[in-house]
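Undergrad: A structural model of the following input is requested.
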Amino acid sequence: MHILVPTASIEEVNDDFAAALCAADARPRWMMDSGATHHITPCRDDFKDYSLINGTICLGDKSTVNQIGVGTVVFKSPQGYKVTLSNVLHVPAVKMRFMSMRALTQKGASVTFDERAFKIVHKGHCIAI
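TA: Residues are numbered from 1 along each chain as shown. Here you go, the predicted structure:
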């Protein structure tokens with residue numbers, strides 16, 4: 001089962017600067033990304049298994065960054081579910097973990113949003129908010 005974890009909540013979006021300011025805390029957080037083709041993390045310690053694979057990926061702003069590895073990330077959601085993300089790219093240059101909405105839905109999950117959060121449902125169970 002390949003699903004997700006909650007992302008940092010967006011407190012303000014300033015279109016003039018095209019930036020999102022996110023609440024930060026010590027817990028690992030994931031930013032849900034509706035345009036990403038893969039899950040991405042800058043943290044080598046996130047991976048359960050890992051392979052070195054060099055490559056270049058294009059970000060949403062058309063810039064490119066180096067990918068240095070790929071693997072599987074496993075974590076427990078706030079709802080108590082074990083979530084496994086496969087084919088997660090290791091990209092040290094990014095500053096946030098990104099969860100790909102596309103990758104989740106390709107594995108059978110549905111992702112919905114409201115004014116405060118997103119919800120991931122898989123096989124009829126809400127696995128993460």
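
Undergrad: List the buried residues in stretch 94-107.
TA: Buried residues in stretch 94-107, counting neighbours by 16 or more other CB atoms under 10 Å, are found at 94, 96-101, 103-104. Just so you know, the C-beta spots here come from the backbone N, C-alpha and C atoms, and that holds for glycine as well.

Undergrad: tell me which residues form a beta bridge with the residue positioned nearest the centre of the chain?
TA: Closest to where the C-alpha atoms of the chain average out (CA atoms, centre = their mean) is Met99, at 1.9 Å. For Met99, the beta-bridge assignment (DSSP bridges) gives partners Met32.

Undergrad: repeat for Gly69
TA: Each beta-bridge partner of Gly69 is listed here: Leu52, His90, as defined by DSSP bridges.

Undergrad: roughly how far apart are it and Val88?
TA: 9 Å (CB to CB, to the nearest Å).

Undergrad: how about the helices in this structure?
TA: Assigned by DSSP state H, the chain shows helices spanning 101-106.

Undergrad: Run through it and note the low-pLDDT ranges.
TA: Across the chain, residues meeting the criterion (pLDDT under 70) sit at 1-28.

Undergrad: With distance to Gly124 as new columns, can the buried residues of stretch 94-107 be given to me in a markdown table?
TA: A markdown table is the format used below for these (distance: CB to CB, whole Å):
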| residue | distance to Gly124 |
| --- | --- |
| Val94 | 33 |
| Met96 | 30 |
| Arg97 | 26 |
| Phe98 | 26 |
| Met99 | 20 |
| Ser100 | 22 |
| Met101 | 19 |
| Ala103 | 20 |
| Leu104 | 15 |
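
Undergrad: between those residues, which is closest to Ala36?
TA: Ser100 (4.0 Å; CB to CB).

Undergrad: Excluding sequence neighbours, find me the nearest residue to that closest one.
TA: In this structure, Ser100 finds its nearest non-sequential neighbour in Ala36, 4.0 Å apart by CB to CB, 6 or more residues apart in numbering.

Undergrad: Let me know how buried that neighbour is, in neighbour terms.
TA: The burial count assigned to Ala36 is 19, neighbours taken as other CB atoms under 10 Å.
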